[in-house]
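Trainee: Give me coordinates for this.
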Amino acid sequence: MTETHKPIIAVHGGAGTVNSDRAKPLLEHVSKAAKTGFSLLRDGATAVDAVIEAVVVMEDSGLFNAGVGSALNLEGRVEMEASVMDGKTLAAGAAGLLTDVRNPVRVARLVMERTDHVFIVGKGASELARAFNLERRNMLTSSKLAYYQAQLKSLQNGKFDLPKLAALIKEHPDVFQLETVGAVAMDTAGNVAVATSTGGFPLKLPGRIGDSPSIGCGTYADNQSGACSATGVGEVAMRLVLAKTVCNHMENGKTAQEAVEEAVSLVYKRLPKMYNEMGLLAVDMHGRIGAAHSSPNLTWAYMGMELEHSVASLTAKFEK
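Mentor: Alright, predicted model coming up:
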């Protein structure tokens, strides 16, 4: 007889600083994403289905740095990226440098399920989306262009220099938001999955790819350990292979909460002298959720069988 597990999902809308006027809509939309994913799980859908649709809700909201809300690069253009991973099979898909696909996470799923590859960027990823008739749209909205101008104004003399940019981000957190979105889930079969999507670092150099589509860095899932989605400074997650590090901790017996807290501690220990704001969300193979961050806020929500409504918060247990 096949064992039935209690499904659970957790989503995040990114690490960073949340001002009071933005708190309510952000919490409402991560709650909506969690509810969307959990309704699928409750009806028997796979963990992959649940994390994809939860991320789509956040990509479509325009509130987060993903999908239609994606930040612009230094040239004022959108370059989006996303990934998904199935913990049952270790199948994974990622896409990068997307400019006009409404839901990059759906392109990542196409890469995972319809190609022999793991990571496709630029023209190839765009053509794959076109072949499967994924919706396109112009991502250069008036609000994003205004946001871009505010970011440029914050840069001293219009120069792009990463240490100076990091200092400006600390001084003006309301202007530079690192609101990558992601979801982790366990389905009734006990399989885990993860999906992550982002517009990337605001004012990034054209062609820069971060941790969100990099398997093991911003995204990882394995039924022998659990699943993890990262948000924050991609270069930090990439240097520490942070999502896989969290999963390694869970495979070695730590709970999801212990695993993400230890990984955040590792960020402080190994990379203390760089801009290192991070957020981590995980689920272990016992269906336990973990959330931790070194940023002032982590917008996140979760929902399980014991809950009538999703639970949303702007902070997690372990913070700076």
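Trainee: Buried residues, stretch 188-206. List them.
Mentor: Within stretch 188-206, the residues that count as buried by 16 or more other CB atoms under 10 Å are 188, 190-204. C-beta: built from backbone N, CA, C; applies to glycine.
Trainee: Which pair of the residues you listed spans the longest distance?
Mentor: Greatest spatial distance among those (CB to CB): Thr188 and Leu203, at 43.1 Å.
Trainee: before we move on, back to that, what is the nearest of the buried residues of stretch 188-206 to Met303?
Mentor: After measuring those against Met303 - CB to CB - the closest member comes out as Thr188, at 14.3 Å.
Trainee: Need phi/psi at the closest one.
Mentor: phi -70, psi -20 (degrees, to the nearest 10).
Trainee: And for Glu277?
Mentor: Dihedral angles for Glu277 - degrees, to the nearest 10 - are phi -70, psi 120.
Trainee: tell me the contacts of it?
Mentor: The contact partners of Glu277, taken as CB atoms under 8 Å, 6 or more residues apart in numbering, are 15-16, 178, 232-233, 293-296, 320.
Trainee: could those residues be laid out in JSON lines, adding distance to Arg42 and neighbour count?
Mentor: Output for the contacts of Glu277, formatted as JSON lines (distance: CB to CB, whole Å; neighbours: other CB atoms under 10 Å):
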{"residue": "Ala15", "distance to Arg42": "29", "neighbour count": "30"}
{"residue": "Gly16", "distance to Arg42": "31", "neighbour count": "24"}
{"residue": "Leu178", "distance to Arg42": "32", "neighbour count": "27"}
{"residue": "Gly232", "distance to Arg42": "31", "neighbour count": "30"}
{"residue": "Val233", "distance to Arg42": "35", "neighbour count": "25"}
{"residue": "His293", "distance to Arg42": "28", "neighbour count": "29"}
{"residue": "Ser294", "distance to Arg42": "33", "neighbour count": "22"}
{"residue": "Ser295", "distance to Arg42": "31", "neighbour count": "23"}
{"residue": "Pro296", "distance to Arg42": "33", "neighbour count": "15"}
{"residue": "Lys320", "distance to Arg42": "35", "neighbour count": "13"}
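Trainee: Sort out for me which of those residues are in strands.
Mentor: 15-16, 232, 293 (DSSP state E).
Trainee: And for the residue nearest to Gly190 when sequence neighbours are not counted, the neighbour number?
Mentor: For Gly190, ignoring the flanking residues on the chain, the nearest one in space by CB to CB, 6 or more residues apart in numbering is His5 at 4.2 Å. By the other CB atoms under 10 Å criterion, the neighbourhood of His5 contains 18 residues.
Trainee: quick one, what contacts His5?
Mentor: By CB under 8 Å, 6+ apart, the contact set of His5 is 186-190, 287.
Trainee: same check, this time on Thr219
Mentor: 83-85, 92, 94, 182, 194-196, 211-213, 228-230, 243.
Trainee: so it bridges to which residues?
Mentor: Ile215, Ser229 (DSSP bridges).
Trainee: just checking, what packs against the helix or strand hosting Asn248?
Mentor: Per DSSP states H and E, Asn248 falls inside helix 242-251. Packing contacts for helix 242-251, counted by 3 or more CB pairs under 8 Å, 6 or more residues apart in numbering; DSSP states H and E, involve strand 219-222, strand 226-232, helix 256-270, strand 278-284.
Trainee: Out of these, which is closest to Asn73?
Mentor: strand 226-232 (18.0 Å).
Trainee: So what does Pro25 look like in phi/psi?
Mentor: Main-chain torsions, Pro25, degrees, to the nearest 10: phi -60, psi -30.
Trainee: Share the number of residues neighbouring Glu306, please.
Mentor: 7.
Trainee: Same question for Lys35.
Mentor: 18.
Trainee: returning to what we had before: in terms of helix, strand or coil, where does the residue nearest to Gly190 fall?
Mentor: Assigned by DSSP: H, G, I helix; E, B strand; the rest coil, the conformation of His5 is coil.
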